[in-house]
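Sequence first, then the predicted structure:
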Amino acid sequence: MDETVAEYIRRTVLKIPRDQIKTMLQKWGFLSETQLQTLNFHQIKENISQDVVQLCEENSADIKQAAVLDIIYNHIYPNKRVWSVYQMNKTGEETEFFDLTDFKKKFKRRLRSALKNVTINFREYEDNAIWIRIAWGTPYTKPNQYKTSYVVYHSQTPYVFISASVLKSNLPLLCQALVVASSYHDIREMELRSHSLNSLKDIVFKRYSQNFQTYYPRPLQERNVAPESTDLRIIQENRNEKERIQRVNREVFGDGPQPKLEFAQYKLETMFKSDPKMDVLDKKEPFRCLVKFSSPHLLESLKSLAPAGMADAPLSPLLTCIPQKARNYFKIREKKGFLPGSFVSP
Amino acid sequence: QGKMEEGKAYSPDGVFAHLEMLEARAREAAVKQEEMERQEEKLARLKARVQELRLQRDELRAKVDLQQKGQLGKEGVVSDPAQPSARAVLEWKIKSIKAMLQVFYLTGISGKLTKRGVCFCISTAYEGTYLDSYYLDLLAKPEVQIHRHSVPIFIPLEQIAKKYLQTDIRRFLSVLSDHLNAYVGRRYQADQLQEHFSDQIEGTLQRNSLCNLLVFNYNVSSKSKTFPFNVRLLYGDLCCSLPTEVIVSCTPDAPASLAETAAAHSDLFRHVALHKAFCSFSSAEES
């Protein structure tokens, strides 16, 4: 077995949390059940990984199998990477019969015709998600397994989720291969980025909870109703306002959990509006400024602002439009007040 | 003059006079009070009398009504008036409205007027099983447009909207409903196949988001030997939950008789739901 392969497998196993190693190796399916029985998962990870490499040696693992283990790891822990969303366009109206074998063939052929030294692996999942792992080389060097890009694509959708590696120069190549393989015309990067892959999917696939008005009595979800104070001397002074805030919040954010984003960034290119007597700026130039909101869970925290009394309800549409406009990077210019990005919003 | 100014009773003579005056006043007040009470009593009595008379009038009216309806019972007061209580009427109204809304929901397309337009709900079903519901929030001004929706991204919503939304909204909803129902139908069949017939399927079932292309291998037994068949189901019509093209093939070393079976299966897949087709395979084998 190749030295580099052995080292790669060893390092991959080291990344896995100890209590997950056995499950992941089982998912991998490269080592037999009897081989897995021989492993002692209670020793230090350094030793576990050495033992795994030893077993892989017995089975003569090659880079393709090692790459599969890497895909499995990234599929279970996708939030360790930052994902960007790309949107593809096409003009035709023919019905698509997405054929997986066809897609894989076209993708590999297109990519390899431009760059021979790449390792390409595919893995499909139950939810129609296709994971593609690409390890990049150069025209003169073998693929570097530590410089990988990941692509997640759901068939017959115009969205691709890409976690690029440091080699940004390979991105155009990757995009081209995707467009050709999926029978689209072009592709552009959206202004939507996050660590949480599933939340990005929720946003563009519109799987997040939107409050639609309907007559059909949906089963009322159990809401945390604070027990009414039995002491009649205690009354809520601004009960009406509290209820109004709750109602407005529900209309805007819906009932369910929000997609998980870590930040929203607003690039302002607007004029500084001040008292003319102050005369802060001599030249009438846009005051360039960047406002960035960060949070472990931005949308949930925005949702709780008004009920916590920290902001007025309804919140600014600049904040609440994030899931619907599917973007968390904004450029705000003068006049129209809200001109998103350099592309026309979908 | 016995009149004293208020609060100026300083001479002993004045005190008594003052006291007398107060006594007189009290007597007057007591008389007035009695008179008032008598008036109130009288008023109350008269009011009670009015109530009594009104009650009598209502009873007589009810009697007359009954007589007019031809239901003359015993003479005397009818104990249970034929009019139901207001509360019962309200409850009945609510119940019948709920039933009406349930009916609309069950037909598959229901809607509710919103401040700026309409919110439609398309509920899908396949052969008696109710499946997902999808929502469309439409704005009416300045022109009919889709504000938000929960339609899956792989359904060609934009195409359908471009064709029909402005001109014929009924057709738009109908076409969209057809797409959605067909999609959930295809998905349901594939899911049922994977759930109940996984033992007959070799390897993985290749499908896609729209479930309009299914490729898989399954086992067919003939003369106590099993042969793998490969089937490719193409659903050309997105509004249909049955395939438009079926290719069933067997391995080259399979006996010639199996070619007939393959053709029969191919035909079956084109006309019968996927999971039902497999159901008939297993029952055919048992027989």
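That came through fine.

could you check the distance from the nearest residue to A:N117 once chain neighbours are set aside over to A:V13?
What sits nearest to A:N117 in space, not counting adjacent residues and going by CB to CB, 6 or more residues apart in numbering or on different chains, is A:G137, at 3.0 Å. (C-beta placed from N, C-alpha, C; glycine too.) As judged by CB to CB, to the nearest Å, A:G137 and A:V13 stand 24 Å apart.

now do A:S199
Per CB to CB, A:S199 is found 28 Å from A:V13.

At the contact with chain B, which residues of chain A appear?
A:93, A:95-101, A:124, A:128, A:154-159, A:204-206, A:210, A:212-217, A:324 (CB under 8 Å from any CB of the partner chain).

repeat that for 6 Å
A:93, A:95, A:97-98, A:100, A:128, A:154-157, A:205-206, A:210, A:212-216 (CB under 6 Å from any CB of the partner chain).

before we move on, the earlier item: comparing A:G137 and A:V13, which shows the higher neighbour count?
Legend: neighbour count by other CB atoms under 10 Å in any protein chain shown for A:G137 and A:V13, higher for A:V13 (22 against 17).

That one and A:D51 touch, don't they?
No. A:V13 lies out of contact with A:D51 (CB atoms under 6 Å); the separation is 9.2 Å.

can you confirm B:I122 is in a strand?
Yes. Judged by DSSP: H, G, I helix; E, B strand; the rest coil, B:I122 forms part of a strand.

Dig out what it forms beta bridges with.
Beta-bridge partners of B:I122, counted by DSSP bridges, are B:I109, B:Y134.

Domains of the chain: list them as residue ranges, please.
The chain I'm using is chain A. When chain A is parsed with the TED database, its domains come out as A:3-77, A:83-204, A:245-333.

Correction: the question concerned chain B.
B:102-184, B:199-286.

what is the mean pLDDT for the shortest one?
What that stands for is domain B:102-184. Per-residue pLDDT values over domain B:102-184 give a mean of 89.

How far off centre is that domain?
Distance of domain B:102-184 from the chain centroid (CA atoms, centre = their mean, to the nearest Å) equals 16 Å.

Let me know the helix or strand that the residue located most distally from the centre of chain A is in.
Distance from the C-alpha centroid of chain A peaks at A:R233, with 50.7 Å (CA atoms, centre = their mean). Assigned by DSSP states H and E, A:R233 belongs to no helix or strand.

for it, phi and psi?
Here the main-chain torsion angles of A:R233 (degrees, to the nearest 10) amount to phi -80, psi -20.

Kindly report the same for A:C289.
phi -160, psi 150.

Could you do A:N89 as well?
The phi/psi pair for A:N89 (degrees, to the nearest 10) is phi -130, psi 150.

Tell me which residues touch it, please.
A:185-186 (CB atoms under 6 Å, 6 or more residues apart in numbering or on different chains).

What separation do you get for it and A:S182?
11 Å.

just A:R247 next, same as before
Applying CB to CB, the value for A:R247 to A:S182 is 43 Å.

Of those two, which one has the most company?
Using other CB under 10 Å as the criterion, A:R247 and A:S182 rank with A:S182 on top: 23 against 11.

Low-confidence ranges, chain A, go.
A:165-167, A:216-230, A:274-284, A:335-346 (pLDDT under 70).

Could I get the full set of helices for it?
With DSSP state H, the ranges of helices along chain A come out as A:3-15, A:21-28, A:33-37, A:45-58, A:63-76, A:100-114, A:171-181, A:197-204, A:239-253, A:298-305, A:317-320, A:322-325.

As JSON lines, those with distance to B:D191 would be great.
Shown next, in JSON lines, are these (distance: least, CB to CB, whole Å):
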{"stretch": "helix A:3-15", "distance to B:D191": "33"}
{"stretch": "helix A:21-28", "distance to B:D191": "22"}
{"stretch": "helix A:33-37", "distance to B:D191": "29"}
{"stretch": "helix A:45-58", "distance to B:D191": "36"}
{"stretch": "helix A:63-76", "distance to B:D191": "22"}
{"stretch": "helix A:100-114", "distance to B:D191": "18"}
{"stretch": "helix A:171-181", "distance to B:D191": "27"}
{"stretch": "helix A:197-204", "distance to B:D191": "20"}
{"stretch": "helix A:239-253", "distance to B:D191": "31"}
{"stretch": "helix A:298-305", "distance to B:D191": "31"}
{"stretch": "helix A:317-320", "distance to B:D191": "36"}
{"stretch": "helix A:322-325", "distance to B:D191": "28"}
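
burial of residue 66, as a residue count?
As the question left the chain open, I've gone with chain A. Around A:A66 there are 26 residues (other CB under 10 Å).

Oops, wrong one, chain B.
Neighbours of B:L66 using other CB under 10 Å come to 15.
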